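K.L.:
Can you look at this prediction? I've put the sequence above it.
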Number of protein chains: 2
Amino acid sequence: MSNLAEKTLKSEPIFSGRVISLQVDEVELPNGKTSTREIVKHPGAVAILPITDDNKIVMVEQYRKPMDRVLIEIPAGKLEKGEEPAHTAVRELEEETGYECESLEWLISFYTSPGFADEIVHVYIAKGLSKKKDAASLDEDEFVNVIEVTLEEALELVKEQKVYDAKTAYAIQYLQLQEALKK
Amino acid sequence: MSNLAEKTLKSEPIFSGRVISLQVDEVELPNGKTSTREIVKHPGAVAILPITDDNKIVMVEQYRKPMDRVLIEIPAGKLEKGEEPAHTAVRELEEETGYECESLEWLISFYTSPGFADEIVHVYIAKGLSKKKDAASLDEDEFVNVIEVTLEEALELVKEQKVYDAKTAYAIQYLQLQEALKK
């Protein structure tokens, strides 16, 4: 990567919040010139694609302040400090949907916005679901509606742009691929 | 969405940069309590999945400062103010890879990090590619290596975590799905 890397000349902390922090780095470019990079630091997150025994996808309707709209997403949550992603996944699934899972399989990890943020999302598939409790026990500033849909219904939600985020679009396309490979 | 929406009580601008800006909003939650939301504003972006006549995927190797590593991604770029996403797509494809395209088809749009950012990425497929020039004409702080790979090679890059971002993982899985549907 020698011909592409950028050397940090200076790093200025701008903001440190509850979820993210922001810094502006001055960098030396491969051609020797300098530029600045605006960088959001994020603790990382997990997302869970929960499949019920009757082959439905468990999703959550959630208001997202940055877009001022409700999105339908697969359950997800931030990593706590020092927490194993698989552990976060089990915890978030239960908190957001009330479901416990018998099996949890890692599917993929990806950076969501590599141009300006270091957020990584680890995506898991959860199966063998059983309701542990009726109501989800959310963080005190978190409110969701839980829905269960078939793959066909999920694809319809993508078309209608009610599902409108990268991790959920990826997860639904993954199920579509598995279906196609079965045939 | 009435039972989920949050009302903005106050919005504090923290930072306004070249690419992103940051604000902290105080909100009223559905239960009447208050909380804060850290929100990154981004102009939005396009990504292009370019397929050559001999069925190769054109990708770019690019250093990403937030992770301090080189990633292999499909070509992408920020929307300029007032620019149509399809126009940005044609422009970025040419700037980053030197390719012109005969056809450009919208594939999907998604938010990348709905929890803390409003960034949206519009993904297109470009076909009928012809080299307009040998060298890409990049922004002055942008350096990339262009590579062309088969779908099998791309899937290998995902496995090796050299492809490691959501839009590129989605695009490659999309091609995998099209292949599976053909059979």
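P.N.:
Sure thing, it's come through.

K.L.:
And whichever strand or helix holds A:Asn145, what's buried?
P.N.:
Using DSSP states H and E, A:Asn145 maps to strand A:144-149. For strand A:144-149, a neighbour-count test (16 or more other Cβ atoms under 10 Å in any protein chain shown) marks A:144, A:146-147, A:149 as buried. C-beta coordinates here come from the backbone N, C-alpha and C atoms, glycine included.

K.L.:
now, which of those sits nearest chain B?
P.N.:
The closest of those to chain B turns out to be A:Val144 (Cβ to the nearest Cβ; 7.5 Å).

K.L.:
From what I see, the closest one and A:Glu92 are in contact.
P.N.:
No: in this structure A:Val144 lies outside contact range of A:Glu92 using Cβ atoms under 8 Å: 11.0 Å.

K.L.:
Hmm, A:Glu26 and A:Leu9 touching each other?
P.N.:
Yes: A:Leu9 lies in contact with A:Glu26 (Cβ under 8 Å); the separation is 4.4 Å.

K.L.:
hmm, back to that, state the paired neighbours of the strand holding A:Asn145 in the sheet, together with their directions.
P.N.:
Partners of strand A:144-149 in the sheet, by DSSP bridges, are strand A:57-64 (antiparallel).

K.L.:
Past the partner strand, which element shows up next along the chain?
P.N.:
Next along from strand A:57-64, by DSSP H and E: strand A:69-73.

K.L.:
Kindly export that following strand (C-alpha atoms) in CSV.
P.N.:
C-alpha atoms of strand A:69-73 as CSV (Å, rounded to 0.1, in the frame of the first residue of the first chain):
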residue,chain,number,x,y,z
ARG,A,69,-37.9,9.2,9.4
VAL,A,70,-38.8,5.7,10.5
LEU,A,71,-36.8,2.9,8.9
ILE,A,72,-37.3,-0.8,9.1
GLU,A,73,-34.0,-2.5,9.9
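
K.L.:
relative to strand A:57-64, how tilted is that strand?
P.N.:
160 degrees (axes from the mean of the first three to the mean of the last three Cα atoms, to 10 degrees).

K.L.:
and strand A:69-73, how far from the chain's centre?
P.N.:
13 Å (Cα atoms, centre = their mean, to the nearest Å).

K.L.:
Which elements pack onto that strand?
P.N.:
For strand A:69-73, the contact count by 3 or more Cβ pairs under 8 Å, 6 or more residues apart in numbering or on different chains; DSSP states H and E identifies strand A:57-64, helix A:166-182 as packing neighbours.

K.L.:
The same query, at a cut-off of 10 Å, please.
P.N.:
strand A:57-64, strand A:144-149, helix A:151-159, helix A:166-182, strand B:103-111 (3 or more Cβ pairs under 10 Å, 6 or more residues apart in numbering or on different chains; DSSP states H and E).

K.L.:
Let's have these in JSON lines, adding distance to A:Ala76 and mean pLDDT.
P.N.:
Listed next are these as JSON lines, based on distance: least, Cβ to Cβ, whole Å; pLDDT from 0 to 100:
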{"stretch": "strand A:57-64", "distance to A:Ala76": "8", "mean pLDDT": "97"}
{"stretch": "strand A:144-149", "distance to A:Ala76": "10", "mean pLDDT": "95"}
{"stretch": "helix A:151-159", "distance to A:Ala76": "16", "mean pLDDT": "98"}
{"stretch": "helix A:166-182", "distance to A:Ala76": "7", "mean pLDDT": "97"}
{"stretch": "strand B:103-111", "distance to A:Ala76": "12", "mean pLDDT": "98"}
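
K.L.:
Out of the ones you listed, which gets nearest to A:Val121?
P.N.:
For the helices and strands packed on strand A:69-73, proximity to A:Val121 was assessed by Cβ to Cβ; helix A:166-182 is nearest, at 5.4 Å.

K.L.:
Run the contact check for the closest one versus chain B.
P.N.:
Yes: residues of helix A:166-182 contacting chain B under Cβ under 10 Å from any Cβ of the partner chain: A:166-170, A:173-174, A:176-182.

K.L.:
Let me have the residues you listed in a markdown table, extended by neighbour count and distance to A:Ala154.
P.N.:
Shown next, in a markdown table, are the residues of helix A:166-182 next to chain B (neighbours: other Cβ atoms under 10 Å in any protein chain shown; distance: Cβ to Cβ, whole Å):
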| residue | neighbour count | distance to A:Ala154 |
| --- | --- | --- |
| A:Ala166 | 28 | 15 |
| A:Lys167 | 29 | 13 |
| A:Thr168 | 28 | 9 |
| A:Ala169 | 25 | 10 |
| A:Tyr170 | 24 | 12 |
| A:Gln173 | 20 | 10 |
| A:Tyr174 | 20 | 11 |
| A:Gln176 | 20 | 9 |
| A:Leu177 | 18 | 13 |
| A:Gln178 | 13 | 13 |
| A:Glu179 | 14 | 11 |
| A:Ala180 | 16 | 15 |
| A:Leu181 | 13 | 17 |
| A:Lys182 | 7 | 17 |
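
K.L.:
tell me which of those residues is nearest to A:Ile48?
P.N.:
A:Lys167 (9.9 Å).
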